[in-house]
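sequence and computational prediction follow.
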Amino acid sequence: MFRFLSEVGQYFILLKKVLSKPEKASIYYKQTMSEMVYLGLNSVGIITIISFFMGAVITLQTAYNTENPIYPTYLIGLGTRDSILLEFSSTITALILAGKVGSNIASEIGTMRVTEQIDALEIMGVNSASYLILPKLIATLLFNPFLTIISINVGIIGGWIAGTSTGVITSEDFIYGIQYAFIPYYVTYAIIKTIFFAFIITSVSAYEGYYVQGGSLEVGRASTKAVVYSSILILLFNVVLTQLLLS
Amino acid sequence: MIKVRNINKSFNGNMVLDNISVSFEPGKTNLIIGRSGSGKTVLLKSIVGLLDIDSGEIWYDNVLFNQLDFTGKKEIRKEMGMLFQGSALFDSLTVEQNVRFPLDMFTEKSNEEKIDRVNSCLSRVGIVNANALFPAELSGGMKKRVAIARAISLNPKYLFCDEPNSGLDPLTSIMIDDLIKELTEEYSMTTIVNTHDMNSVMKIGEKIVFISDGVKCWEGSKDEVLDSDCGTLNDFVFANALAKKLRKTDGKKYPAV
């Protein structure tokens, strides 16, 4: 318990260092842009592929589990849309990014720690926590909502292709379903969740990497811990945010 | 002048530095020597503030360094350069970007001035036509030289070197030692070098501090190191076969080891 509280305290101390005034805004801007490419743009591919198949499976599952003459088939489109909007695109995307981006951040910063590159920054008078973590944090907070929007769109397209190609729903019914009783707030809800999840993934992974002690083995462990803790916190905050935003 | 007064440092109750007091000569090459695990690196990292000490004082001229906050330390750190044991070059940056990093971070020079300074530092350490290479493409000796170039890019007042010869062949070690010595004189820096290499001690050492098991056992000049009465220092100095031979053939009387 004491260790847990100590780690939580250390996490918030690190956040304070990260969120302090940047030394030179122009350098931080360049770093943020390059992190957007590295952590954001490079994740578009995996998000697209996973979202496509996710949407396809949701449509087929909805269709096969609602086979009843009293249910209109356009409900398959509606079910796909709401499942993707409310849960899958924000939460599942966040869990995938926790694996890809989170382990990347933890291992990059962890390696810098064990090879004394962070010490080299400190000795120059650079706030290493801010220099290394703040651009990643800003990049993911700004870019992950776009990934979620891509995921929503690709997921729905995947559902449409799977539904129409297998014959479980017609194209007209699917398109009618995804437009039926649409609540725009659900998009806002998905983006708010994504922003929270982006903060969790980046800050928790950076924390695990920043305080690594030892060598390559410990960097590997930190990377695993970053993914595990980020995923648990994403699921925990998913419950909290759902209650807060939809109640 | 850098002065250390009664500093103590422990890790999980294990005392690593025990009441160490020492003054380092300004404008000279000061060496901290001792066996592996004797506390040299902990002492050096404590002096530069990378490790917080348990008690004691670390003075840079008239400033009590260990009592300063991050902003206060930052001002003094701008006058520091450090060469790490593993070079600690930034993997994601090229040689040029590594040397340029402090200039980008702390100066308002124009792009041309920065490039001139980078090239001047790199040529001073003997690195040519390597600006676009990444650290992974460099040899161990080249990495050390680029790290030295980065350390001197802001004309530091203090240079700290942690085991500058580790992992290098004898000839490259001599080259790095010469470079440290020459730059110390050229920039009038106060240089502190951690080493267990006796060749370095005899070649560049002006003031020598010997540490054993976290305790300062001896301090003196290069000439005095061979005539010391300190048994643990003699164990260290005459550990290798060549030194033992020297001890036998030299006319001087050395204490029993």
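Yes, it's here. Just so it is clear, the structure is predicted and the values come from calculations on it, not from any experiment.

which residues touch residue 200?
By default, I'm working from chain A. By CB atoms under 8 Å, 6 or more residues apart in numbering or on different chains, the contact list for residue A:200 reads A:94, A:230, A:233, A:234, A:237. C-beta: built from backbone N, CA, C; applies to glycine.

actually it's chain B I care about, not the one you picked
B:31, B:164, B:165, B:173, B:177, B:193.

ok, the closest residue in space to residue A:150 that isn't next to it in sequence - contacts?
In space, and not counting its chain neighbours, residue A:150 is closest to residue A:47: 6.0 Å by CB to CB, 6 or more residues apart in numbering or on different chains. With contact set as CB under 8 Å, 6+ apart, residue A:47 has these partners: A:93, A:96, A:97, A:147, A:150, A:151, A:154.

equivalent analysis for residue B:193, please.
Residue B:193 makes contacts with B:29, B:30, B:31, B:32, B:160, B:161, B:164, B:180, B:200, B:204, as judged by CB under 8 Å, 6+ apart.

need the worst-confidence member of those residues.
Lowest pLDDT among the contacts of residue B:193: residue B:200, with 81.

what about it, which helix or strand?
If you go by DSSP states H and E, residue B:200 is part of helix B:198-204.

can you list the residues of chain A near chain B?
A:23-24, A:27, A:111-112, A:115-117, A:119-120, A:122-127 (CB under 8 Å from any CB of the partner chain).

which of those tops the neighbour count?
residue A:120 (27 neighbours; other CB atoms under 10 Å in any protein chain shown).

now do the strands in the stretch 101-250 of chain B.
With DSSP state E, counting those that start in this stretch as the criterion, the stretch 101-250 of chain B has strands at B:158-162, B:190-195, B:207-212, B:215-221.

which of those sits most buried?
strand B:190-195 (a mean of 26; mean count of other CB atoms under 10 Å in any protein chain shown).

kindly export that one (C-alpha atoms) in PDB.
The C-alpha trace of strand B:190-195 is given here as PDB (Å, rounded to 0.1, in the frame of the first residue of the first chain):
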ATOM      1  CA  THR B 190      38.100  23.100 -14.000                       C
ATOM      2  CA  THR B 191      38.000  19.500 -15.100                       C
ATOM      3  CA  ILE B 192      37.200  16.500 -12.900                       C
ATOM      4  CA  VAL B 193      37.800  13.100 -14.300                       C
ATOM      5  CA  ASN B 194      36.800   9.800 -12.800                       C
ATOM      6  CA  THR B 195      39.100   7.000 -13.800                       C
END
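
relative orientation of it and strand B:207-212 in degrees?
Angle between the axes of strand B:190-195 and strand B:207-212 is 40 degrees (criterion: axes from the mean of the first three to the mean of the last three CA atoms, to 10 degrees).

before we move on, the earlier item: between the contacts of residue A:47, which is closest to residue A:245?
residue A:93 (17.0 Å; CB to CB).

kindly list the longest helix within chain A.
helix A:128-166 (DSSP state H).

of the contacts of residue B:200, which is the most crowded?
residue B:193 leads the contacts of residue B:200 on contacts (other CB under 10 Å) with 29 neighbours.

from residue B:155, how far off is it?
Distance of residue B:193 to residue B:155, given as CB to CB, to the nearest Å: 19 Å.

and the furthest pair within the contacts of residue A:47?
A:97 and A:154 (15.0 Å).

of these two, who's got more company?
residue A:97 (27 against 22).

now the more buried one: closest residue in space that isn't a chain neighbour?
residue A:201 (5.7 Å).

do residue B:170 as well
residue B:199 (7.4 Å).

now the one you found: how far from residue A:135?
Residue B:199 is 44 Å from residue A:135, by CB to CB.

check what pLDDT residue A:105 gets.
Per-residue pLDDT puts residue A:105 at 96.

phi, psi of it?
phi -60, psi -50 (degrees, to the nearest 10).

what is the burial count for residue 6?
Just going to use chain A. Residue A:6 sits with 10 neighbouring residues when counted by other CB under 10 Å.

that answer is for a different chain, and I need it for chain B
12.

and it, helix, strand or coil?
Secondary structure for residue B:6, judged by DSSP: H, G, I helix; E, B strand; the rest coil, is strand.

show me the contacts for it.
Counting by CB under 8 Å, 6+ apart, residue B:6 touches B:19, B:20, B:21, B:55, B:56, B:57.

in PyMOL, how would I select just the buried ones from these?
Of the contacts of residue B:6, the buried ones go into a single PyMOL selection, burial set by 16 or more other CB atoms under 10 Å in any protein chain shown:
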select buried, chain B and resi 20+56
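
pick the one among the contacts of residue B:6 closest to residue B:151.
Nearest to residue B:151 out of the contacts of residue B:6 is residue B:20 (CB to CB; 24.3 Å).

can you tell me how far the closest one sits from residue B:82?
For residue B:20, the distance to residue B:82 - CB to CB - is 19 Å.

picking up where we left off before, which of the contacts of residue B:6 fall within strands?
Among the contacts of residue B:6, DSSP state E puts B:19, B:20, B:21, B:55, B:56, B:57 in strands.

distance of residue A:89 from chain B?
Distance of residue A:89 to chain B, computed by CB to the nearest CB, to the nearest Å: 31 Å.

which ones are touching the residue nearest to that residue when sequence neighbours are not counted?
What sits nearest to residue A:89 in space, not counting adjacent residues and going by CB to CB, 6+ apart, is residue A:151, at 4.0 Å. Counting by CB under 8 Å, 6+ apart, residue A:151 touches A:47, A:48, A:50, A:51, A:84, A:88, A:89, A:93.

quickly note the distance from residue A:151 to chain B.
Distance from residue A:151 to chain B, counting by CB to the nearest CB: 29 Å.

what does the stretch 101-250 of chain B have sitting close to chain A?
So far as CB under 8 Å from any CB goes, the stretch 101-250 of chain B lies against chain A at B:101, B:102, B:104, B:105, B:106, B:160.

does residue A:225 touch residue A:211 like I think?
No: applying CB atoms under 8 Å, one finds residue A:225 not in contact with residue A:211, separated by 10.6 Å.

centre of chain A to the edge, which residue is at the far end?
residue A:69 (38.6 Å; CA atoms, centre = their mean).

let me know the pLDDT of it.
Each residue has a pLDDT score; the one for residue A:69 is 80.

for residue B:248, same thing?
At residue B:248, the model reports a pLDDT of 58.

center of chain B - which residue?
residue B:161 (2.1 Å).

where does chain B dip in pLDDT?
Residues of chain B meeting the criterion pLDDT under 70: B:240-257.

now the helices for it?
For chain B, applying DSSP H gives helices covering B:40-47, B:70-77, B:95-106, B:111-124, B:140-152, B:170-186, B:198-204, B:222-225, B:231-237, B:241-249.

so which of those helices gets nearest residue A:42?
With CB to CB, the closest approach to residue A:42 among these belongs to helix B:95-106: 20.9 Å.

helices or strands up against the closest one?
helix B:111-124, helix B:140-152 (3 or more CB pairs under 8 Å, 6 or more residues apart in numbering or on different chains; DSSP states H and E).

tell me the most buried of those helices?
By mean neighbour count, with neighbours taken as mean count of other CB under 10 Å, helix B:140-152 ranks first of these at a mean of 25.

restricting to C-alpha, output that helix in PDB.
The C-alpha trace of helix B:140-152 is given here as PDB (Å, rounded to 0.1, in the frame of the first residue of the first chain):
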ATOM      1  CA  GLY B 140      33.500   4.100 -29.400                       C
ATOM      2  CA  GLY B 141      36.300   6.600 -29.700                       C
ATOM      3  CA  MET B 142      34.400   8.800 -32.100                       C
ATOM      4  CA  LYS B 143      31.400   8.800 -29.800                       C
ATOM      5  CA  LYS B 144      33.500  10.000 -26.900                       C
ATOM      6  CA  ARG B 145      35.000  12.700 -29.100                       C
ATOM      7  CA  VAL B 146      31.600  13.900 -30.300                       C
ATOM      8  CA  ALA B 147      30.400  13.900 -26.600                       C
ATOM      9  CA  ILE B 148      33.400  16.100 -25.800                       C
ATOM     10  CA  ALA B 149      32.500  18.400 -28.700                       C
ATOM     11  CA  ARG B 150      28.900  18.600 -27.300                       C
ATOM     12  CA  ALA B 151      30.300  19.300 -23.800                       C
ATOM     13  CA  ILE B 152      32.400  22.200 -25.000                       C
END
